[in-house]
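A.B. asks: got a predicted structure here, sequence first:
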Amino acid sequence: MTQPVNSIKTLTISSKQGEKMTEQAESIRLERCVIVLDEQLPAGRAANAAAVLALTAGQRHPGLVGLPLTDASGQAHPGLIPIGIAVLSATEEELGAIHRQANASEGVDVVDFPVQGQMTTNYGEFMAVVAQIPAGELRYLGLALVGQKKAIAKLVAKKKLFG
């Protein structure tokens, strides 16, 4: 459970900041997508974290979604990711290191899911709690890494599949 938030800060992202984030995401070559989860997460929380990360990565990179599929009956189905998404595991410490290295890497977009995200169902409270934690002190349930194959391979080398 989260601690009560005594003062909720309102975070405002200027249109210029939003445009910069969009430009950064759009400039990434979409060759590989991986999700790295905390190896200690139980199945339900891991599934939630992976879903949240994948949804956000898909929103940031619409090019990840493939063309619609059509079955033999002619019924259309939504497109899925044609490059796949490996779901890997790491320790809490390794997640922090991967996060720092990925943010310093060219050609990698990072979507992170701080642990506070599963401590509340109130997004405003989640935002307020995260706003009180310096970047270097955040801990993560998982990360989604999207971008250049070589850069991502270096970041997740020797990581095993989750589960």
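C.D. replies: Cool, the structure landed. Residues are numbered from 1 along each chain as shown.

A.B. asks: which residues touch the host helix or strand of Ser89?
C.D. replies: Secondary structure assignment for Ser89, by DSSP states H and E: strand 86-90. When contacts are defined by CB atoms under 8 Å, 6 or more residues apart in numbering, strand 86-90 is touched by residues 34-39, 50, 98, 156, 159-163. The way it works is simple: take the backbone N, C-alpha and C, and place the C-beta from them, glycine included.

A.B. asks: dump the C-alpha coordinates for it into PDB.
C.D. replies: Output for strand 86-90, consisting of C-alpha atoms alone and laid out as PDB, is shown next (Å, rounded to 0.1, in the frame of the first residue of the first chain):
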ATOM      1  CA  ALA A  86      10.900 -11.000 -25.900                       C
ATOM      2  CA  VAL A  87      10.000 -10.800 -22.200                       C
ATOM      3  CA  LEU A  88      13.200 -11.200 -20.200                       C
ATOM      4  CA  SER A  89      14.000 -11.200 -16.500                       C
ATOM      5  CA  ALA A  90      16.500  -9.200 -14.400                       C
END
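
A.B. asks: mean confidence (pLDDT) on it, please.
C.D. replies: For strand 86-90, the mean per-residue pLDDT is 98.

A.B. asks: immediately after that strand, which helix or strand?
C.D. replies: With elements assigned by DSSP H and E, the helix or strand that comes after strand 86-90 is helix 92-103.

A.B. asks: which secondary structure elements does that following helix contact?
C.D. replies: In terms of contact count using 3 or more CB pairs under 8 Å, 6 or more residues apart in numbering; DSSP states H and E, helix 92-103 is assigned the packing partners strand 32-38, strand 108-114, strand 140-147, helix 149-156.
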